[in-house]
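# test case, fold it:
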Amino acid sequence: RNVSAVAYPGEVLGIVGESGSGKSTLARVLVGLLPPTKGRMEFRGKPLHHRLAARTADERKEIQLIYQLPDIALNPRQSVGEIVGRPAEFFCGMSRDTSRARARELLSLVELEPDLVDRYPNQLSGGQKQRVALARTLLTEPDILVLDDVTSAVDTETEQAIFEALQKEQMRKTTIIISHRVTTIQQADRVLVIHQGRIVQEGKPDELANIPGYFRDIHLIQNALEAEIQQNIAVLPN
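Got it, this is the predicted structure:
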């Protein structure tokens, strides 16, 4: 609703809000999977068509979205090596050997064993599938990478390692991290807080955590829940 926002080159932009607030809808509008009700989008100062099919091949390559549920995008008949490597062969003209070697590098970057190239999606956990989808998209080197809760199935330490590596890989490019978890977007340069389809706060995460508002409320609630979970784990036998 009347959303107006800018993402800058080299910036990590976080978008946070409760379930149903409109985060994923905004992501789908950005990549052309949903039309905006009004207004327009611009990319590099030029109008960007609201329909994915009407965009050029370069525009489709340069703005990529990774879903929270990777099964939508992973072909069950392809190995991990094929899933990760084939887009690079198509979009970037890489040879089969080059794309496979690069796929192994990117699997390591997202905290996966390179030997997973020979496995199939049904042999992977939910968290592994999310990271395979991330590695595949990184191989095409998009200028804008939109991550829609893509680390929801991994632990906090793995998530931290992935995002640290991602920042190095995506240097000078734009990364948009969408999550309902405040901890996920702590490394963002700037955060947009969405509530009921509107942007209600904007700023650096550490600043937003110290002023009254939705961000601090979400932060405090999630920290309290995490502390309670850890306390319950600590008192379990063995």
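
# which SSE is residue 15 in?
With secondary structure defined by DSSP states H and E, residue 15 is part of strand 12-16.

# that strand pairs with which strands?
Strand 12-16 pairs in its sheet with strand 174-179 (parallel), strand 190-195 (parallel), by DSSP bridges.

# residue 112 in helix, strand or coil?
The three-state label for residue 112, taken from DSSP: H, G, I helix; E, B strand; the rest coil, comes out as coil.

# any idea of the pLDDT on the residue positioned nearest the centre of the chain?
Compute the mean C-alpha point of the chain, and by C-alpha atoms, centre = their mean the closest residue is residue 147, 1.3 Å away. At residue 147, the model reports a pLDDT of 90.

# how about residue 132?
Confidence per residue is given as pLDDT, and for residue 132 that number is 90.

# mind listing what's buried along stretch 18-27?
Buried residues in stretch 18-27, defined by neighbour count with 16 or more other C-beta atoms under 10 Å: 18, 21-27. C-beta here means a position set from N, CA and C on the backbone, and glycine is covered the same way.

# still on that earlier bit, would a markdown table of the strands paired with strand 12-16 with mean pLDDT be doable?
Below are the strands paired with strand 12-16 laid out as a markdown table (pLDDT from 0 to 100):
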| stretch | mean pLDDT |
| --- | --- |
| strand 174-179 | 92 |
| strand 190-195 | 94 |
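
# can you pull the contacts of residue 210?
When contacts are counted by C-beta atoms under 8 Å, 6 or more residues apart in numbering, residue 210 is found next to residue 216.

# that one - that's part of a strand, no?
No: counting by three-state DSSP, residue 210 is not found in a strand; it is coil.

# next one: phi and psi at it?
The phi/psi pair for residue 210 (degrees, to the nearest 10) reads phi -110, psi 10.

# what segments of the protein are helices?
Listed in chain order, the helices of the chain (DSSP state H) span 23-31, 57-62, 80-92, 96-109, 126-139, 156-169, 205-208, 214-234.

# looking at those helices, spot the one closest to residue 71.
Closest of the helices of the chain to residue 71 is helix 126-139, at 6.7 Å (criterion: C-beta to C-beta).

# pull out the buried positions in that closest one.
Judged by neighbour count using 16+ other C-beta under 10 Å, the buried positions of helix 126-139 are 127-139.

# for residue 187, state which of those residues is nearest.
residue 134 (15.4 Å).

# so the closest one touches residue 150, yeah?
Yes: taking contact to mean C-beta atoms under 8 Å, the distance of 5.8 Å between residue 134 and residue 150 places them in contact.

# and for the two, which residues touch both?
Common neighbours of residue 134 and residue 150 (C-beta under 8 Å, 6+ apart) are residue 66.

# any figure for the gap between the closest residue to residue 208 other than its chain neighbours and residue 181?
Closest residue to residue 208 in three dimensions, ignoring its sequence neighbours and counting by C-beta to C-beta, 6 or more residues apart in numbering: residue 215, at 3.9 Å. Plainly put, residue 215 is 12 Å away from residue 181 if you go by C-beta to C-beta, to the nearest Å.

# who's more crowded, the two?
The neighbour count for residue 215 versus residue 181, taken as other C-beta atoms under 10 Å, is higher for residue 215 (27 against 17).

# what sits against that one?
16, 182, 191, 193, 201, 205, 208-209.

# 6 Å instead, please
If you count contacts by C-beta atoms under 6 Å, 6 or more residues apart in numbering, residue 215 has them with 193, 201, 208.

# swap in residue 100?
Taking C-beta under 6 Å, 6+ apart as the criterion, residue 100 is in contact with 81, 85.

# go with 10 Å
Listed by C-beta atoms under 10 Å, 6 or more residues apart in numbering, the contact set of residue 100 reads 79, 81-82, 84-86, 88-89, 94, 117.
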